[in-house]
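Trainee: Structure of the sequence below:
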Amino acid sequence: MNHSLPTAIIGGGPVAMAAAAQLVKRDMPFVLFEKGAEVGASVLSWKHVKMFSPWEFNIDAAAKELLLENSWQAPDKDHLPTGEELVSQYLKPLSNLEKIRPCLKLESTVTAIHRKGLDKMKTAGREHAPFIIEYEQFGKVDRIEASAVIDATGTWLTPNPIGASGNWADGETQCAQQIMYGIPDILGSDRERYAGKNIVVIGSGHSAIQSLTLLHELKLKIPETTIHWVLRKQRVEEAFGGGENDGLPARGALGTRAQQYIRNGNVKVHTPLLVSKIKKQDGEPGLTLLGSSMDKEYLIDRIDEIIVATGARPNFDFLRELRFSTDTSIESVPQLAELIDPNIHSCGTVRPHGEAELRQPEKDFYIVGSKSYGRAPTFLLATGYEQVRSIVAALDGDYEAAREVKLHLPETGVCSATRALSSVDINKTIPVINSSSCCH
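Mentor: Predicted coordinates:
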């Protein structure tokens, strides 16, 4: 590795900034590209949402050291920050540090990465050629050389479409004005959009339940608000999680609240429902959602708004000329696939892993953070922080530190692996799996 050239960090979220802090601690040059006007730009798109992990799990150790050296006041480790607090109290102060601020390229969109003078096909001399980062800033295209690349661009900006096939549902793009992806600010800036309306929430994960929670609070104030919940799961109970057994109480409480909304009749559940089409009603502003349930046609009509919380997927477009591997189904880093495949494990508990597991065919190129999980929805920030600590140690030639990966994650209290066992014939001989250790 050429230590005279910087390591390029792509992205400006929490894991990207953790990578920057780790590089600073080892006195290694870096350059960070963030497409937004400030670090944490993607986080600010859900600034109104309270995280279910407390500060204890949201601050990287190296970043904390740097901040404390500069008279930073650490927040209460047990407090649950909002997205806005994560940026204002942590990422922004970190970005303003003297050793980090000059290395940031804001409003810079990386459009391509390749080896200098080589396309993807060329092998001879490849490992010794620097990376070329092509980026657009203020309407101008520029390039910079780098010794290594850490892709921490995440997946939030590329949400999954509504279609059960994984593709756009028929009419989805044409009805875009009445569809929101992610978690709208239902009680704040988006209140008028949803108050008193007929709304469909699609998805079964934490983001969907958080949207249901905000809508439920709105309905308590504006009773005319109608809430539909569309899931692909066979039973709605599968979306409730581990409840009081969850290592993060706020995360466990999400499912408990969802049960209450259904029990009190404030949320209408449609499951399993596989959406295939969305269409405008003739002469009316409302939408009709069409699909199938138990092999029968199914529809919900007179819809004013749709909130899509069906997860997200990684964007690999700008990596086209690099040699990298992803799992064929999850689109994660290959060695993580079996541990995070929601068809096998839905709990989010993953064994400690670092540079060795994240290593790509392209030497000194790494995919980290939520993007390393591909389409799997169970990523936690603590995982990404340990990933980049190990990678930076390896880039610095400290392979002993790179191998000493330690990761403690709060468990969800439920996993599809153990749930599947509960339906197995008890007369058959099966290995005993404890829900608290099924993924270790």
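Trainee: pretty sure residue 290 is in a strand, no?
Mentor: Yes: under DSSP: H, G, I helix; E, B strand; the rest coil, residue 290 sits within a strand.
Trainee: List the residues that contact it.
Mentor: By CB atoms under 8 Å, 6 or more residues apart in numbering, residue 290 lies in contact with 275, 276, 277, 278, 279, 297, 298, 299. Quick note: C-beta positions are derived from backbone N, CA and C, even for glycine.
Trainee: Need the buried ones from those selected in PyMOL.
Mentor: Of those, the buried ones go into a single PyMOL selection, burial set by 16 or more other CB atoms under 10 Å:
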select buried, resi 275+276+278+279+298
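Trainee: for the spatially most central residue of the chain, what are its contacts?
Mentor: The centroid of the chain falls nearest to residue 370 when counting by CA atoms, centre = their mean (4.7 Å). Listed by CB under 8 Å, 6+ apart, the contact partners of residue 370 are 15, 154, 155, 156, 312, 379, 384.
Trainee: so where do the helices sit in the stretch 301-440 of the chain?
Mentor: Assigned by DSSP state H, counting those that start in this stretch, the helices in the stretch 301-440 of the chain fall at 337-340, 355-358, 381-395, 399-403, 416-422.
Trainee: I misspoke; the intended subject was the stretch 51-200 of the chain.
Mentor: Under DSSP H, counting those that start in this stretch, the stretch 51-200 of the chain gives helices at 61-68, 83-86, 92-95, 191-194.
Trainee: other SSEs contacting the last one?
Mentor: Read it as helix 191-194. helix 206-221 (3 or more CB pairs under 8 Å, 6 or more residues apart in numbering; DSSP states H and E).
Trainee: Which strands and helices lie in contact with the helix it packs on?
Mentor: Here helix 206-221 touches helix 191-194, strand 198-202, strand 226-230, helix 249-263, going by 3+ CB pairs under 8 Å, 6+ apart.
Trainee: Any buried residues in that helix, and which?
Mentor: Buried-residue list, helix 206-221, by 16+ other CB under 10 Å: 206-216, 218-219.
Trainee: And stretch 61-79, by the same measure?
Mentor: Buried residues in stretch 61-79, counting neighbours by 16+ other CB under 10 Å, are found at 62, 63, 64, 66, 67, 72, 75.
Trainee: ok, the nearest residue to the second one once chain neighbours are set aside - how many residues close by?
Mentor: In space, residue 63 comes closest to residue 21 once its chain neighbours are excluded; the distance is 3.9 Å by CB to CB, 6 or more residues apart in numbering. The number of residues packed around residue 21, counting by other CB atoms under 10 Å, is 26.
Trainee: Pull the residues that contact the strand or helix carrying residue 21.
Mentor: Taking DSSP states H and E as the criterion, residue 21 maps to helix 14-25. Applying CB under 8 Å, 6+ apart, the contact partners of helix 14-25 are 7, 9-10, 29-30, 32, 34, 39-40, 43, 58, 60, 62-63, 65-66, 86, 90-91, 94-95, 97, 99-100, 103, 150, 152, 154, 368-370, 381, 384-385, 387-389, 391-393.
Trainee: Could you chop the protein up by domain?
Mentor: Domain assignment for the chain by automatic domain parsing gives 7-157+312-403, 176-308.
Trainee: Tell me which residues touch residue 334, please.
Mentor: Counting by CB under 8 Å, 6+ apart, residue 334 makes contact with 325, 326, 327.
Trainee: wait, which of those is closest to residue 319?
Mentor: Residue 319 lies nearest to residue 326 out of the contacts of residue 334, by CB to CB, at 9.9 Å.
Trainee: Burial check on that closest one, number of neighbours?
Mentor: 19.
Trainee: roughly how far apart are the residue nearest to residue 63 and residue 68?
Mentor: Computed as CB to CB, to the nearest Å, the residue 21 to residue 68 distance reads 12 Å.
Trainee: what do you get for residue 291?
Mentor: Taking CB to CB, one finds residue 291 at 53 Å from residue 68.
Trainee: Repeat that for residue 141.
Mentor: Separation of residue 141 from residue 68 (CB to CB): 39 Å.
Trainee: again, but for residue 284
Mentor: In terms of CB to CB, residue 284 sits 59 Å off from residue 68.
Trainee: where in the stretch 101-250 of the chain is pLDDT low?
Mentor: 242-248 (pLDDT under 70).
Trainee: change it to 90
Mentor: Counting by pLDDT under 90, the ranges of the stretch 101-250 of the chain that qualify are 204-206, 233-250.
Trainee: thinking again about what came up before, who touches the following helix or strand past the helix holding residue 21?
Mentor: Moving toward the C-terminus from helix 14-25, the next helix or strand (DSSP H and E) is strand 30-34. Contacts to strand 30-34, defined as CB under 8 Å, 6+ apart, come from residues 6-12, 16-17, 19-20, 23-24, 41, 100, 103-110, 133, 135, 144, 146.
Trainee: what's the answer for stretch 90-101, then?
Mentor: 12-14, 17, 20-21, 24, 32, 38-40, 43, 58-59, 63, 66-67, 70, 72, 75, 81, 104.
Trainee: Skipping its backbone neighbours, what lies nearest residue 357 in space?
Mentor: Closest to residue 357 by CB to CB, 6+ apart is residue 335, at 4.3 Å.
Trainee: about what we covered before: only whichever of the contacts of strand 30-34 are buried, select them in ChimeraX.
Mentor: Restricted to buried positions by 16+ other CB under 10 Å, the ChimeraX selection for these reads:
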select :6,7,8,9,10,11,12,16,17,19,20,23,24,41,100,103,104,105,106,108,109,110,133,135,144,146
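Trainee: Give me the subset of the contacts of strand 30-34 that lies in strands.
Mentor: Using DSSP state E, 7-10, 104-106, 108-110, 133, 135, 144, 146 are the members of those that sit in strands.
Trainee: Now do residue 306 against residue 262, distance only.
Mentor: From residue 306 across to residue 262, the span is 19 Å (CB to CB).
Trainee: Which of the two has more residues huddled nearby?
Mentor: residue 306 (24 against 17).
Trainee: Now do the same contact list for the more buried one.
Mentor: By CB under 8 Å, 6+ apart, the residues touching residue 306 are 162, 175, 178, 179, 180, 199, 200, 201, 202, 278, 287, 289.
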